[in-house]
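Peer 1: got a predicted structure plus its sequence, pasted below:
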Amino acid sequence: MPICPECGGEMKWDRNRFMYVCKTCGLSLKREELDRIRNEQRKNYLTEEEERKRRRREYLEWWLSKEKK
């Protein structure tokens, strides 16, 4: 079952309307809309993950470059 991008609730296929409907908040999305939103969220997540990795790498380089006293 797909997860609602708005509230995180479970979405159910409504065959009369040909849309996914969230059981919790009532959000209705076509399959294409749901896929587009998921892809956007995935891109944002990957960007955040890449940023974390970059910060860790910079910190490690800084730490290793310090003079040991």
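Peer 2: Great, that's in hand.
Peer 1: give me the buried stretch members for the host helix or strand of residue 62, please.
Peer 2: Using DSSP states H and E, residue 62 sits in helix 31-65. If you call a residue buried by 16 or more other CB atoms under 10 Å, then helix 31-65 has these buried ones: residue 34. Yep, even glycine has a C-beta here, placed from its N, CA and C like the rest.
Peer 1: so what's residue 24 up against?
Peer 2: Residue 24 is in contact with 4, 7-10, counting by CB atoms under 8 Å, 6 or more residues apart in numbering.
Peer 1: what's the most distant pair in these?
Peer 2: Maximum pairwise distance in the contacts of residue 24, criterion CB to CB, is 9.9 Å, between 7 and 10.
Peer 1: where do the contact lists of those two overlap?
Peer 2: In contact with both residue 7 and residue 10: 22, 24, using CB under 8 Å, 6+ apart.
Peer 1: gap between residue 27 and residue 43?
Peer 2: Separation of residue 27 from residue 43 (CB to CB, to the nearest Å): 21 Å.
Peer 1: next one: residue 33
Peer 2: 16 Å.
Peer 1: look at the residue nearest the centre of the chain and report its pLDDT.
Peer 2: By CA atoms, centre = their mean, the chain has its centre lying nearest to residue 41, at 3.6 Å. If you check residue 41, the pLDDT there is 86.
Peer 1: wait, isn't residue 28 in contact with residue 20?
Peer 2: Yes. Residue 28 lies in contact with residue 20 (CB atoms under 8 Å); the separation is 7.1 Å.
Peer 1: between these two, which is the more surrounded one?
Peer 2: residue 20 (20 against 12; other CB atoms under 10 Å).
Peer 1: and whatever helix or strand that one lives in, which strands flank it?
Peer 2: Taking DSSP H and E as the criterion, the element that holds residue 20 is strand 19-22. Sheet pairing of strand 19-22 (DSSP bridges) gives strand 11-14 (antiparallel), strand 28-29 (antiparallel).
Peer 1: okay if I get the ones you listed as a markdown table plus mean pLDDT and distance to residue 65?
Peer 2: Converted to a markdown table, the strands paired with strand 19-22 look like this (pLDDT from 0 to 100; distance: least, CB to CB, whole Å):
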| stretch | mean pLDDT | distance to residue 65 |
| --- | --- | --- |
| strand 11-14 | 95 | 50 |
| strand 28-29 | 96 | 49 |
